[in-house]
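# following is a predicted model, sequence given first.
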Amino acid sequence: MPRDLNIFVCDEKIFTSLTASFLPDDIPYEPAWDPRDDHDSSPDDTTSPLTTRWAYAARPWFPLVPLNPSFDGPIFECLNHSMFSLRTELDSQGKHILHHDIRESWVELEKKLLWCQELLGAGLLVPWETKLPRPPAQYGYQRSHSDAKLAKKVALKSRNAFLLIAAVCSWYIMSRQYRGSNRPWKALLVDNPRCPIPAEWVHKLSRSFVGDISTKVPRTGAFISSIHCPWELQLPMFEHFSIPIWVHIKQVAVFDLKLRHYNPSKEAIARAIEAQRTSNSAWGQNDSAWGKDDGVWGKRDDGSQSQSPLGWDGSALGWGPAPEAPQVDPRFPVPERLSGQKSGEDWKAFFARRLEENKKKQAKESPAQRQSRESREQAAKSHNIPGKSSTATVFEWQPQHEYGDFLLRIRLIKAEVPSTWGNYSNSTRLYDSFRNEWDLCDQLDPTSTPDGDWEEDFFDVSDPIPDPLPPPPPCASIVAASSDYTEGIERFVTHLRFHLGFHLAASTTRSIGGSTAFDSWVDKQKFSHVCNIVGDSGKDVDSISDMQQHVITCFVGYLVTLPATQLSEIPSDHWDLAPGTPLSTSNAFIRVSYLDIPGQERLYIIQPSQSRSLVPWKLVVPDAATAVMCLRRDWGSDISTIALELLKKGITFKTLQPMAVPPSARRPLSELRTYSLGYFRPPFKAVYADYITYEQYRHEFMKEDRARAALLRGGILWRLALHSLGFDILPSVLIGISQDAVPFGQMLSLNGETHFDDDLSEEEVDFICGTYYVYTNNGCIEKLSWWPRPQAWAGSGLDVGFWSSRCEDWFQKRLENIRQGVSRRRDSSDNNGPVNNTRWKQGLKFNAATKKFKKNLDTACSNFLATKASAFTDD
């Protein structure tokens, strides 16, 4: 139910609040520093925070300081002292110090509260600039002083510091309850394995001003300027728990959109001003003096605009009639503003139009303009990265997954240019000297080799900050050593033979049809690049002679440079898919048939050739290249053995099990337990402790029976699941589907018979990849993940259909970057944290030739099975 917006007028200033019905007695002086830039000017004493303060980004716990608390109850009664009740004593040097009975009780309480603060904050994502209060001891209650009065003053200042620690603990408790933590906060304290806190003490804490976050405990709250709200993540939480928040409405054109619901209408302001004039009571003491904002901002009941008594209008607050949205074709993504791309215009049409426009510009330019343009053109020939002082604009043509990889022209900010430039070559960078613009577009030369390597510049390994230590993990979990993960990775020659169908005795090196593109491509390739294109790291190729390397380069060159219509012209001594080769859709052990399901891509079923399958499920692969690869192997006729080999190599497949169940057996996914790392507001900063927490939660999730679906998915999900479980778990995956497969898994009909298999929801896929949901300033949600999600992995330079040695090299390097390069503190920065899908796609492109080669390989395998295989029959 929406709350009324209370409006207050004080000293000709307008304040609004959704959670407070009166102003505090004393309104603090508004600091002159810019709260958006200066995070270190918040008060560090123990007295100021005891009354209402202005919002500081560094102190989001300020509003939770208890207001005028009574130090009663068994936990805080030791703090119940005044200048008159405090006792002091003389130390060995004749100086005055707080009496040892009081001092010892305060030391004990400080230790307990600081331990609670550490446990409650472990694993929570808090704003990176947050500063916690200093411990009470640092204010001097354990020190000796020259006279008793000074010792008492210092002790009372130290006593106030306990309230600041209490506020932080309350803030952590509130954050956990607001975000729906999986474990009650009291359990975190009681069940801690290192130093559990007695349940009775925790229960007493829950009844004090620390654990009671209801409105029964008055708190100081905070003032926020309407120009800027530093608490994007905290403000909704404070509103939810009715923490007093007042917004100072300033008569300026800038109004923070996050505070939009605090912006009063002009009529409400007028009513509040008028009530203040006619009332003899102070604001906040006479209900009739309050203004209530019940109408639409800036409009009378009849819909007409009104004039504010203070002379404010809609433009002064930045509001006005919304412009009409431009007409766009819903079949295509909306072009980025100022990109120059029209709705539905592909990259070819864009460059063709620009070419015509530039011809017209050239016909009209003056000699001076021509000289300046030609000078820019000459300088651009070196393809140097535009520096910070460069005036050139850089655009990247990025595929939009939701629109069939339609390319959208996206402007790069200067910080993105250095890390993106190396993903392209001279032939995929185009300079427009008329506009001083660069275009980076893979489609200009799909077979080009990038200048740089993402592994060197996408994530940088900086020296980690050694302290503080990450929080203790939520549970103990033993993960296999990284050396155990290479069991399924094959050597380069085996890869060529079985995955690509290359004849090792091949000798032909001629071009097809006199193709200059083929000759040019072969001439400029290093053999290490060729290995990378097909997914190999190139570490075990020393025994391959120079002549064999050249032949292999030519074979890969055919797959990269030829159009799909000419693949049949690849020499038969190179390829087992060339016309006239003996490869068949069945061999002595297995046969492959296809199955077409309406609305889905064709599936391929692998069955024994001579006998019935001994497993209760059917082995189904969605990839034609995988089906053909199985035909090349000598894995026997045991389907479970074949499936285990696929599982070891990170190849996608399904284990569809036939079952007859009533319709009521299917249940909505909403009934499944949701796994998520949470929703956050910017600025969002994940640190190494957050990665440790995510990894341990992932290990726990992988113990679920239905989590076997992650291993069946192959690719990056397979690798992350393997990191949690190890190779020894793989045989158990093939026992059969889990109990969750029927109610929540995938259901397919094969020849009229219902089949089921385990599957993952989109949220579970995001969770496995370590995804955080972060609200953007326009109210949308951006997904930031520690690891690439399947949408970014598919079609990348590592997506070769199986887990290759290059995939493993990349994974280990990324893992090391996280372990060594991710900040340990939120007040530092690095480039190794979670990123969005666009950055993952950019970083995983590597060589565009990989995508072309794989596409041609899939096309050839699909054509082979379409002409040679028969439709699936369950016999």
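Nice, I can see it.

# what about the longest strand in the protein?
Ranked by number of residues, the top strand in the chain under DSSP state E is strand 393-400.

# against which helices or strands is that one packed?
Applying 3 or more Cβ pairs under 8 Å, 6 or more residues apart in numbering; DSSP states H and E, one finds that strand 393-400 contacts strand 406-411, helix 417-421, strand 437-440, helix 837-843. Where you see a C-beta, it was placed from the backbone N, CA and C, and this is true even at glycine.

# check these for me: which has the lowest mean pLDDT.
Of all the helices and strands packed on strand 393-400, mean pLDDT reaches its minimum on helix 417-421 (a mean of 80).

# tell me the buried residues in that one?
Of all the residues in helix 417-421, those buried under the rule 16 or more other Cβ atoms under 10 Å are 417, 419-421.

# just how off-centre is that helix within its chain?
Between the centre of helix 417-421 and the centre of its chain there are 20 Å (Cα atoms, centre = their mean, to the nearest Å).

# relative to Ala686, how far out is the residue positioned nearest the centre of the chain?
By Cα atoms, centre = their mean, the mean C-alpha position of the chain lies nearest to Leu784, the distance being 1.0 Å. As judged by Cβ to Cβ, to the nearest Å, Leu784 and Ala686 stand 8 Å apart.

# now the helices for the stretch 151-300 of the chain?
185-190, 199-206, 235-240, 266-278 (DSSP state H, counting those that start in this stretch).

# give me the buried positions along stretch 694-706.
Going by 16+ other Cβ under 10 Å, stretch 694-706 has these buried residues: 694-702, 704, 706.

# could those residues be laid out in a markdown table, adding pLDDT, secondary structure and distance to Arg491?
What follows is the buried residues of stretch 694-706, written out as a markdown table (pLDDT from 0 to 100; DSSP: H, G, I helix; E, B strand; the rest coil; distance: Cβ to Cβ, whole Å):
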| residue | pLDDT | secondary structure | distance to Arg491 |
| --- | --- | --- | --- |
| Tyr694 | 92 | helix | 34 |
| Glu695 | 91 | helix | 31 |
| Gln696 | 90 | helix | 35 |
| Tyr697 | 90 | helix | 36 |
| Arg698 | 92 | helix | 31 |
| His699 | 92 | helix | 31 |
| Glu700 | 89 | helix | 35 |
| Phe701 | 91 | helix | 34 |
| Met702 | 92 | coil | 29 |
| Glu704 | 90 | coil | 35 |
| Arg706 | 89 | helix | 34 |
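
# which of those residues sits closest to Pro230?
Nearest to Pro230 among those is Tyr694, at 26.4 Å by Cβ to Cβ.

# check what pLDDT the nearest residue to that closest one once chain neighbours are set aside gets.
Distances taken as Cβ to Cβ, 6 or more residues apart in numbering put Gly770 closest to Tyr694, at 4.8 Å, once the chain neighbours are dropped. Looking at Gly770, its pLDDT is 95.

# go ahead and confirm Gly770 touches Gln696.
No - between Gly770 and Gln696 there is no contact under Cβ atoms under 8 Å: 11.5 Å.

# between the helices and strands packed on strand 393-400, which one is closest to Leu722.
It is, among the helices and strands packed on strand 393-400 and with distance given as Cβ to Cβ, helix 837-843, at 19.8 Å.

# closest to Lys851 out of the buried residues of helix 417-421?
Distances from Lys851 to those, taken by Cβ to Cβ, are shortest for Thr420, at 17.5 Å.

# do you know how far Ser419 is from Ser427?
20 Å.

# ugh, wrong one, I meant Glu336
Taking Cβ to Cβ as the measure, Glu336 and Ser427 are separated by 24 Å.

# just Ser208 next, same as before
Remark: distance between Ser208 and Ser427 (Cβ to Cβ) = 69 Å.

# compare these two (neighbour count), which wins?
Ranked by neighbour count (other Cβ atoms under 10 Å), Ser208 and Ser427 place Ser208 first, with 20 against 13.

# so that one touches Ile75, yeah?
Yes - with contact defined as Cβ under 8 Å, Ser208 reaches Ile75; the gap is 5.6 Å.

# put the alpha carbons of stretch 768-776 into PDB.
What follows is stretch 768-776, C-alpha atoms only, in PDB (Å, rounded to 0.1, in the frame of the first residue of the first chain):
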ATOM      1  CA  ILE A 768      26.100 -21.700 -11.400                       C
ATOM      2  CA  CYS A 769      27.900 -19.000 -13.400                       C
ATOM      3  CA  GLY A 770      28.100 -16.700 -10.400                       C
ATOM      4  CA  THR A 771      25.600 -14.100 -11.500                       C
ATOM      5  CA  TYR A 772      24.500 -11.000  -9.600                       C
ATOM      6  CA  TYR A 773      21.400  -9.100 -10.600                       C
ATOM      7  CA  VAL A 774      22.200  -5.300 -10.500                       C
ATOM      8  CA  TYR A 775      19.700  -2.600 -11.000                       C
ATOM      9  CA  THR A 776      20.600   0.100 -13.600                       C
END
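
# residues in contact with it?
125, 232, 676-682, 684, 686, 691, 694-695, 698, 701, 710, 716-717, 720-721, 760, 781-790, 834 (Cβ atoms under 8 Å, 6 or more residues apart in numbering).

# which of those residues are buried, as a ChimeraX select command?
Selecting only the buried entries of the contacts of stretch 768-776 in ChimeraX, with 16+ other Cβ under 10 Å as the criterion:
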select :125,232,676,677,680,681,684,686,691,694,695,698,701,710,716,717,720,721,760,783,784,785,786,787,788,789,790,834
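
# now intersect the contacts of stretch 768-776 with the helices, please.
Judged by DSSP state H, the subset of those located in helices is 691, 694-695, 698, 701, 710, 716-717, 720-721, 790.

# from those, pick the one nearest Ala268.
Tyr694 (45.5 Å).

# where's that closest one relative to Leu125, distance?
Counting by Cβ to Cβ - Tyr694 and Leu125 are separated by 10 Å.

# likewise for Val530?
In this structure, Val530 and Leu125 are 43 Å apart, going by Cβ to Cβ.

# so Tyr773 lies in a helix, does it not?
No - counting by DSSP: H, G, I helix; E, B strand; the rest coil, one finds Tyr773 to be strand, located in no helix.

# what's the local residue count around Ile570?
22.

# meant to ask about Pro658
Quick note: Pro658 (other Cβ under 10 Å) scores 13 neighbours.

# pretty sure it contacts Gly752?
No - the criterion here is Cβ under 8 Å, and Pro658 misses it with Gly752 at 10.6 Å.

# so what sits against both of the two?
By Cβ under 8 Å, 6+ apart, Pro658 and Gly752 have no common neighbours.

# what segments of the stretch 601-750 of the chain are strands?
603-608, 618-621, 654-658, 679-680, 746-750 (DSSP state E, counting those that start in this stretch).

# save those strands as a markdown table, and put in mean pLDDT and distance to Tyr431 too.
A markdown table is the format used below for those (pLDDT from 0 to 100; distance: least, Cβ to Cβ, whole Å):
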| stretch | mean pLDDT | distance to Tyr431 |
| --- | --- | --- |
| strand 603-608 | 93 | 46 |
| strand 618-621 | 95 | 45 |
| strand 654-658 | 94 | 48 |
| strand 679-680 | 88 | 40 |
| strand 746-750 | 89 | 49 |
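
# can you list those strands in TSV and add distance to Leu644?
As requested, the strands of the stretch 601-750 of the chain are exported to TSV (distance: least, Cβ to Cβ, whole Å):
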stretch	distance to Leu644
strand 603-608	13
strand 618-621	11
strand 654-658	11
strand 679-680	39
strand 746-750	21
